[in-house]
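mind folding the following:
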Amino acid sequence: MKITFPHMGSLAVPLKTIFEELGQEVVVPPSITKKTVTLGVRHSPEFACFPLKVNIGNFIEALENGADTIIMAGGVGPCRFGYYAEVQREILTDLGYNFELIVLEPPQGSLWGLLANIKRLGNHRSWSEIWEVINIAWKQVLALDVLHEMSLKIRPYEKKKGATTVLYERAQKLIVKARTHEDITWSLDKGKELLNSVDKKTLDRPPLKIGIVGEIYMVLEPYANLDIEKTLGEMGVEVDRSIYLGHWIKEHLFPKAFRSREGEEIKKVAQGYLNHFVGGHGLESVGRTILYSRDNFDGVVHILPFTCTPEIVAQSILPEVSKDYKIPLISFSLDEHSGKAGFVTRLEAFLDLLSQKKYNQELKGAV
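Residues are numbered from 1 along each chain as shown. Got it, this is the predicted structure:
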């Protein structure tokens with residue numbers, strides 16, 4: 001069995017750890033490139049979500065590299081993600097690939113359903129061995145999330161453009177190689193030291209603070225979102241990402257008793273604008289924007305795949321939220337046709353407006 005799976009931010013790291021530590025051979029797809037997207041677009045329905053197209057490209061490249069088993073998540077609700085696995089199966093079968101597709105359906109509040117699927121992939125390992133491997137992978141997820149959040153806070157202060165990214169990538173590699181609790185703890189501490197060693201400049205005024213909301217794949221995957229976090233950070237903006245892999249796992253795969261209260265708070269503040277589940281992260285996009293306003297953020301960037309129904313619902317509501325809570329917002333609907341130049345131009349214009357607004361507020365406060 002040669003296992004593969006799609007890319008989505010740092011997702012490949014814990015999945016590779018789990019399957020390799022359970023004795024399986026893993027074929028990680030090559031990093032997403034224009035070739036990946038071209039392959040996916042060529043063989044996917046025209047109006048399919050952009051993430052599905054990229055997934056198809058991932059799988060074709062992995063199958064060409066020898067993979068024979070694809071691991072894919074399932075889904076429930078209005079979001080088309082629940083159909084991805086079956087659509088992908090049909091496309092790849094029609095292309096003549098010989099493979100097995102194993103769909104890990106959401107456990108709906110019970111971790112045991114997910115564990116039962118992993119048991120099948122566990123090479124006859126005991127439950128205690130499987131649980132220990134999952135714990136290691138979970139600790140990797142949390143460590144990567146900590147380092148990522150640190151990089152977003154440090155990047156606007158870097159003296160040399162790109163310095164934070166270089167050290168962040170070095171810190172990531174330490175976590176990728178760590179396969180014990182002790183090694184992960186050491187690697188995280190070392191990664192923090194690396195990031196804290198970035199040569200920082202003194203700013204005349206605090207940087208703009210922008211929150212990023214939207215569909216999870218587009219928020220987590222740098223290639224899909226045109227590397228927005230790095231772009232904003234190097235423009236001198238402190239970015240806060242509304243979704244992290246660890247947060248998503250905790251909210252969707254952990255039993256309710258182990259989840260944070262954050263999800264309930266988001267639903268509560270969104271009431272009056274959107275009071276029911278619309279699939280994907282549509283509800284979270286609305287609620288998070290309100291919370292960013294309450295936390296005095298300067299603006300919000302909303303990212304969605306072109307034709308994404310849940311986020312289109314959110315997109316239609318967010319202008320009213322922006323007006324009522326007086327928080328500027330810009331929305332980007334992205335797909336394979338999106339270009340970096342126009343994207344950056346719109347971001348620059350948005351930042352100019354935010355800077356002027358903040359400057360005017362400071363003047364009023366000084367009077």
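
every contact and neighbour count from this point should use C-alpha atoms.
Will do.

let me see the domain layout of the protein.
Following automatic domain parsing, one gets these domains for the chain: 2-125, 126-205, 206-367.

adding mean neighbour count and mean pLDDT, write those out as TSV.
Written out in TSV, the entries for these read as follows (neighbours: other CA atoms under 10 Å; pLDDT from 0 to 100):
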stretch	mean neighbour count	mean pLDDT
domain 2-125	18	89
domain 126-205	18	96
domain 206-367	18	90
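
do a quick rundown of the strands in the stretch 101-250 of the chain.
For the stretch 101-250 of the chain, applying DSSP state E, counting those that start in this stretch gives strands covering 208-214, 237-241.

swap that for the stretch 251-367 of the chain, please
With DSSP E, counting those that start in this stretch, the ranges of strands along the stretch 251-367 of the chain come out as 299-305, 329-334.

so for the chain, the centremost residue is which one?
In the chain, the centroid-proximal residue (CA atoms, centre = their mean) is L220; its distance is 1.9 Å.

and it, what does it touch?
The contact partners of L220, taken as CA atoms under 8 Å, 6 or more residues apart in numbering, are 8-10, 243-245.

try 7 Å this time
L220 makes contacts with 8-9, as judged by CA atoms under 7 Å, 6 or more residues apart in numbering.

can you check S44 too?
Applying CA under 7 Å, 6+ apart to S44 gives the contacts K53.

and the helices in the stretch 51-200 of the chain?
81-94, 111-120, 127-154, 163-177, 181-196 (DSSP state H, counting those that start in this stretch).

then the stretch 251-367 of the chain?
Shown for the stretch 251-367 of the chain, the helices assigned by DSSP H, counting those that start in this stretch span residues 262-270, 282-294, 309-325, 340-366.

could you dump the strands of the stretch 251-367 of the chain to CSV with distance to K209?
What follows is the strands of the stretch 251-367 of the chain, written out as CSV (distance: least, CA to CA, whole Å):
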stretch, distance to K209
strand 299-305, 7
strand 329-334, 12
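
out of the ones you listed, the one nearest L152 is which?
Of all the strands of the stretch 251-367 of the chain, it is strand 299-305 that lies closest to L152, at 14.9 Å by CA to CA.

tell me what the closest one is packed against?
Judged by 3 or more CA pairs under 7 Å, 6 or more residues apart in numbering; DSSP states H and E, strand 299-305 is in contact with strand 208-214, helix 216-220, strand 329-334.

correct me if wrong: H302 contacts F332.
Yes: in this structure, H302 sits in contact with F332. The criterion is CA atoms under 7 Å, and the distance is 6.1 Å.

anything in contact with each of these two?
Common neighbours of H302 and F332 (CA under 7 Å, 6+ apart) do not exist.

turn the helices of the stretch 251-367 of the chain into JSON lines, columns for distance to V176.
Rendered in JSON lines, the data for those read as follows (distance: least, CA to CA, whole Å):
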{"stretch": "helix 262-270", "distance to V176": "28"}
{"stretch": "helix 282-294", "distance to V176": "30"}
{"stretch": "helix 309-325", "distance to V176": "32"}
{"stretch": "helix 340-366", "distance to V176": "29"}
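
T165: which of those is closest?
Using CA to CA, the nearest of those to T165 is helix 340-366, at 18.5 Å.

okay, the angle between that closest one and strand 208-214?
For the pair helix 340-366 and strand 208-214, the angle between their directions (axes from the mean of the first three to the mean of the last three CA atoms, to 10 degrees) equals 130 degrees.

ok, back up a step: distance to K177 added to the strands of the stretch 101-250 of the chain, as CSV?
Conversion of these to CSV gives the following (distance: least, CA to CA, whole Å):
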stretch, distance to K177
strand 208-214, 29
strand 237-241, 25
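
to D324, which of the ones you listed lies closest?
Counting by CA to CA, and looking across all of the strands of the stretch 101-250 of the chain, nearest comes strand 208-214 at 17.2 Å.

if you count contacts, what does that closest one end up packed against?
Based on contacts counted as 3+ CA pairs under 7 Å, 6+ apart, the elements that strand 208-214 packs against are strand 237-241, helix 282-294, strand 299-305.

now do that strand: distance to the chain's middle.
Relative to the centre of its chain, strand 208-214 is centred 14 Å away, using CA atoms, centre = their mean, to the nearest Å.

and the closest residue to Q88 other than its chain neighbours, how far from I216?
The spatially closest residue to Q88, leaving aside those adjacent along the chain, is I56, at 6.6 Å (CA to CA, 6 or more residues apart in numbering). Relative to I216, I56 is positioned 18 Å away (criterion: CA to CA, to the nearest Å).

D204 too?
With distances taken as CA to CA, D204 is found 34 Å from I216.

cool, C308 as well?
Here the distance between C308 and I216 works out to 11 Å (CA to CA).

out of the strands of the stretch 251-367 of the chain, nearest to L283?
Across the strands of the stretch 251-367 of the chain, L283 has its closest neighbour in strand 299-305 (12.5 Å, CA to CA).

return the closest one as CSV; C-alpha atoms alone will do.
Only the C-alpha atoms of strand 299-305 are listed here, as CSV (Å, rounded to 0.1, in the frame of the first residue of the first chain):
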residue,chain,number,x,y,z
GLY,A,299,-9.8,45.5,8.5
VAL,A,300,-10.8,42.1,7.3
VAL,A,301,-9.9,40.1,4.2
HIS,A,302,-12.4,37.5,3.1
ILE,A,303,-11.1,34.7,0.8
LEU,A,304,-13.3,32.2,-1.0
PRO,A,305,-13.1,29.9,-4.0
